[in-house]
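A.B. asks: give me the fold of what follows.
(one chain, ligands or ions: 1)
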Amino acid sequence: MHDKPVDAKRRKLLWGGAVGGALLAAPWLRPGDAGGGHNDYFLRLQNALSEAGLYRPTLVLDAQRLQQNTGRLMHHISSKFAYRIVGKSLPSLPLIKSVRDQTGTDRVMVFHQPFLNLIAHEMPDSQLLLGKPMPVQAAKRFYSYHTNRRFDPAKQLQWLVDSPERLREYSELAAALNQTMQIVLELDVGLHRGGFRESGDVGLAILQLKQDPHLKFAGFMGYEAHASKMPRLIGGPVQALSNAMKFYEQCVAAAQNVLGEHYRPEQLTLNAGGSSTYQMYTSKDPCNELAVGSGLVKPSDFDVQYLQDHIPAAFIATPVIKALDKTLVPGLENFSGLQALLNPNTERSFFTYGGYWKANPESPPGLSTNALYGRSTNQEMLNGSTSVELKRDDFVFLRPTQSEFVFLQFGDIAVFDGRHISSLWPVFQQGA
Ligand SMILES: Cc1ncc(COP(=O)(O)O)c(C=O)c1O
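C.D. replies: Residues are numbered from 1 along each chain as shown. Prediction:
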């Protein structure tokens, strides 16, 4: 009996003790030894990094695997849809250029004003669509800093507008700059991240665009990231996509209504898709282009049903700074033996160069972070069993959970050609 309430920490310890006791009493409940060494692939990658002298946290991109993924992408969509590269998910000019070469597209979706200026400057033969609505001041800044005349924003740049208010602001900006601006309307096809929700409002916006001397209606963008995650109980991904396309169709019909004989769907950008859904689209759907980025490098958030034939193509590689025989948690030194007995995968500790990225340990197998010890961006503790084949100066490989931010954290991307690190590709600069 307790005469005062058990505090949360004590309760945790009591629970831990009870679970530990149960595991000792029932050894078959104990986790098995999951440790091992790098397979051939990661050994080759380790040798390549060593040869290149890259003993620091490095983002590695496998060029052959990237090509395999672009091959799958084109196999699925090339006869039905145009392809648009999602720039934020592949945030490096040489990477985007490489995907352009492999897919033959000149369409890129852009999400950040400094990246927009960079791409317009360095890739003046591209067709750019904003993937999110920019504050009107950011749009204005684009024009103030745009200098490359080979990129004509009036013809090659499509701004995204999500509401009548933003439409008014863009109209005022276009008039003030005496600049033709192409406008794509953002549709809320079920993600509920903003955008037009009624086809009647879409019709009104197109009417306004028709009457505006500087703005031009250029199409729709409807993104449906929610679809792949929809539970089966409420229809699953197929039903969610079907609902999304029903609304998309209504908006296309509204455009047809307002534009009458001037309606030219082949001249409009009718954008949809994302990595986790693009394989679900058929030629019956009302869109004419699909946007895909992450799926070409496949971080772990994209281990989803409709992307099974894509393979992971990007890893974080980082050297082990210290490989220790024990795992010692400050204040709990006396329990290290007990912890190893309860779970052999916690027996040893490895401190890596950097850490705490949006990523999970991938190779060698059997590594995990230690919640009790805590996370570190400087020297991260990873635990593993005595079977983990890892010594000081070996590499640990982690698989990013996403690409858009992770890719920006390491400086140049190290491109692995299957044997060597054959190029270093600079990444976008956030605030340039
Ligand atoms: C508007 C839009 N389209 C498409 C995508 C798909 O990108 P990815 O293929 O990298 O998931 C995104 C991702 O956030 C997006 O915001």
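
A.B. asks: Gly53 - how many residues pack around it?
C.D. replies: Using other CB atoms under 10 Å, the number of residues around Gly53 comes to 8. All C-beta atoms are positioned from the backbone trio N, CA, C, and that covers glycine.

A.B. asks: and what of Ile321?
C.D. replies: For Ile321, the number of neighbouring residues by other CB under 10 Å comes to 16.

A.B. asks: is it true that it touches Phe351?
C.D. replies: Yes - with contact defined as CB atoms under 8 Å, Ile321 reaches Phe351; the gap is 5.1 Å.

A.B. asks: is the helix or strand hosting Phe315 anywhere near the ligand?
C.D. replies: Taking DSSP states H and E as the definition, one finds Phe315 inside strand 314-324. No - contact between strand 314-324 and the ligand, assessed by CB under 6 Å from any ligand atom, is absent, since the two come no nearer than 12.3 Å.

A.B. asks: on contacts alone, who are the packing partners of the strand or helix carrying Phe351?
C.D. replies: Element membership of Phe351, judged by DSSP H and E, is strand 348-353. Counting contacts by 3 or more CB pairs under 8 Å, 6 or more residues apart in numbering; DSSP states H and E, the secondary-structure elements packed against strand 348-353 are strand 314-324, strand 379-384.

A.B. asks: mind redoing it with 10 Å?
C.D. replies: Secondary structure elements in contact with strand 348-353, counted by 3 or more CB pairs under 10 Å, 6 or more residues apart in numbering; DSSP states H and E, are strand 314-324, strand 379-384, strand 395-400.

A.B. asks: next SSE downstream of that strand?
C.D. replies: Going down the chain from strand 348-353, the next helix or strand is strand 359-363, by DSSP H and E.

A.B. asks: who touches both of Ile321 and Phe351?
C.D. replies: When contacts are counted by CB atoms under 10 Å, 6 or more residues apart in numbering, the set common to Ile321 and Phe351 consists of Asn378, Gln379, Glu380, Arg392.

A.B. asks: okay if I get the helices and strands packed on strand 348-353 as a markdown table plus mean pLDDT?
C.D. replies: Written out in a markdown table, the entries for those read as follows (pLDDT from 0 to 100):
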| stretch | mean pLDDT |
| --- | --- |
| strand 314-324 | 98 |
| strand 379-384 | 98 |
| strand 395-400 | 98 |
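
A.B. asks: most neighbours per residue, which of those?
C.D. replies: Comparing these by mean neighbour count (mean count of other CB atoms under 10 Å), strand 395-400 comes out on top with a mean of 24.

A.B. asks: and the helix or strand that it is followed by, how far from the chain's centre?
C.D. replies: Using DSSP H and E, the helix or strand that follows strand 395-400 in sequence is strand 413-416. The gap between where strand 413-416 is centred and where its chain is centred comes out at 18 Å by CA atoms, centre = their mean, to the nearest Å.

A.B. asks: what helices and strands are in contact with strand 413-416?
C.D. replies: Judged by 3+ CB pairs under 10 Å, 6+ apart, strand 413-416 is in contact with helix 40-52, strand 58-62, helix 63-77, helix 93-103, strand 314-324, strand 421-425.

A.B. asks: name the helices or strands packed onto the longest one?
C.D. replies: With contacts taken as 3+ CB pairs under 10 Å, 6+ apart, helix 63-77 sits against strand 82-86, helix 93-103, strand 289-292, strand 413-416.

A.B. asks: ok so, going back, could I get the helices and strands packed on strand 348-353 as a markdown table with distance to Lys80?
C.D. replies: As requested, the helices and strands packed on strand 348-353 are arranged in a markdown table below (distance: least, CB to CB, whole Å):
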| stretch | distance to Lys80 |
| --- | --- |
| strand 314-324 | 27 |
| strand 379-384 | 44 |
| strand 395-400 | 30 |
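
A.B. asks: what's the average pLDDT for the longest helix along the chain?
C.D. replies: Of all the elements of type helix in the chain, the one with the most residues (DSSP state H) is helix 236-259. Across helix 236-259, the average pLDDT comes to 97.

A.B. asks: next structured bit after it?
C.D. replies: Secondary structure here is assigned by DSSP H and E; on that basis, the next helix or strand after helix 236-259 toward the C-terminus is strand 269-272.

A.B. asks: ok, is that next one in contact with the ligand or not?
C.D. replies: No - using CB under 6 Å from any ligand atom, strand 269-272 never reaches the ligand; the gap is at least 7.3 Å.

A.B. asks: residues contacting that strand, please?
C.D. replies: Outside of strand 269-272, the residues within contact range by CB under 10 Å, 6+ apart are 81-82, 84, 107, 109, 127, 129, 131, 158, 160, 182, 184, 186-187, 189, 218-224, 241, 244-245, 248, 251-252, 255, 278, 281, 285-291.

A.B. asks: before we move on, the earlier item: who are the packing partners of the longest helix of the chain?
C.D. replies: Packing contacts for helix 236-259, counted by 3+ CB pairs under 10 Å, 6+ apart, involve strand 181-187, helix 199-211, strand 215-222, strand 269-272.
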